[in-house]
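S.K.: Starting from these lines, generate the structure:
(one chain, ligands or ions: 1)
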Amino acid sequence: MYRSGQFVAEHVSPTADDQVQPNGVDLTVEAVFEQREPGRIRREGKEIGDRQELESEQYTDEGTPTYYLEAGTYVARYGERIAIPSGHVGFVYPRSSLMRNSCMLNTAVWDAGYEGRGEGLLQVHHDVEIAEGARIAQLVLAEAEHVEEYDGSYQGENL
Ligand SMILES: O=c1ccn([C@H]2C[C@H](O)[C@@H](COP(=O)(O)OP(=O)(O)OP(=O)(O)O)O2)c(=O)[nH]1
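M.R.: From the prediction side, this is the model:
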């Protein structure tokens, strides 16, 4: 069973009222990176390739720092600390307005016990402007059985 947005909000911080949705909580973008060097996925272990953080520019009417992203592939880091509770699994979906603007967020499984500020693959199929701190994704939580809890290399990342 998927939990309510109110329940999800108890495991995401900070959470403003406008982030709480009926079935989940919206996540904001805190940083955007462009990969510069190849990573490596080995039989045992992995390495994340070097990346460069993009500057957000202060050029919109409201003066909000904004990323102008040309078509391409980026890694976005979310602004919220997420803690997946025991007995649950998390999934992140793109905010539909992102998708309607020809952009997509590709995501993986969020394990029970994980805590951190995670990342998603931002695919920009048409140039787009995204303000720093804007909502780009939504986290949902489903009840799930598991034997152990997450204890991998990303535990506690970006906290
Ligand atoms: O889109 C996603 C999906 C997951 N995570 C976080 C939560 C998850 O619990 C953790 C590890 O994900 P996964 O287990 O898929 O990573 P891995 O590549 O297998 O690394 P490890 O061996 O450290 O588990 O990363 C993200 O930041 N973004």
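
S.K.: Does the helix or strand encompassing residue 104 reach the ligand?
M.R.: Element membership for residue 104 (DSSP states H and E) is strand 103-106. No: contact check for strand 103-106 against the ligand, using C-beta under 6 Å from any ligand atom: none in range, with a minimum separation of 7.5 Å. C-beta coordinates here come from the backbone N, C-alpha and C atoms, glycine included.

S.K.: strand partners of that strand, parallel vs antiparallel please.
M.R.: Strand 103-106 pairs in its sheet with strand 119-124 (antiparallel), by DSSP bridges.

S.K.: Can I get the strand it pairs with in CSV, CA atoms only?
M.R.: Provided in CSV are the C-alpha atoms of strand 119-124 (Å, rounded to 0.1, in the frame of the first residue of the first chain):
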residue,chain,number,x,y,z
GLU,A,119,20.3,12.4,-6.7
GLY,A,120,18.4,11.8,-9.9
LEU,A,121,19.3,11.7,-13.6
LEU,A,122,17.8,14.8,-15.3
GLN,A,123,17.3,14.4,-19.0
VAL,A,124,16.7,17.6,-20.8
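
S.K.: what's the neighbour count on the residue lying closest to residue 49 once chain neighbours are set aside?
M.R.: In space, residue 49 comes closest to residue 39 once its chain neighbours are excluded; the distance is 3.7 Å by C-beta to C-beta, 6 or more residues apart in numbering. Residue neighbour count, defined by other C-beta atoms under 10 Å, stands at 11 for residue 39.

S.K.: pretty sure residue 39 is touching residue 51, no?
M.R.: No: taking C-beta atoms under 8 Å as the contact criterion, residue 39 and residue 51 are not neighbours in contact, 9.2 Å apart.

S.K.: circling back: contacts for the strand holding residue 104?
M.R.: With C-beta atoms under 8 Å, 6 or more residues apart in numbering as the contact definition, strand 103-106 has outside contacts at 76, 92-95, 98, 120-126, 128, 136-137.

S.K.: Put the buried members of those residues into a ChimeraX selection.
M.R.: Here is the ChimeraX command that selects the buried residues among the contacts of strand 103-106 (16 or more other C-beta atoms under 10 Å):
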select :76,92,93,94,95,98,120,122,123,124,128,136,137
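
S.K.: Taking the contacts of strand 103-106 together, which two end up most distant?
M.R.: For the contacts of strand 103-106, the farthest-apart pair by C-beta to C-beta is 92 and 126; their separation is 21.6 Å.

S.K.: quick one: is the longest strand anywhere in the chain near the ligand?
M.R.: When secondary structure is assigned using DSSP state E, the longest strand within the chain turns out to be strand 25-35. No: Strand 25-35 lies out of reach of the ligand by C-beta under 6 Å from any ligand atom, never closer than 10.2 Å.
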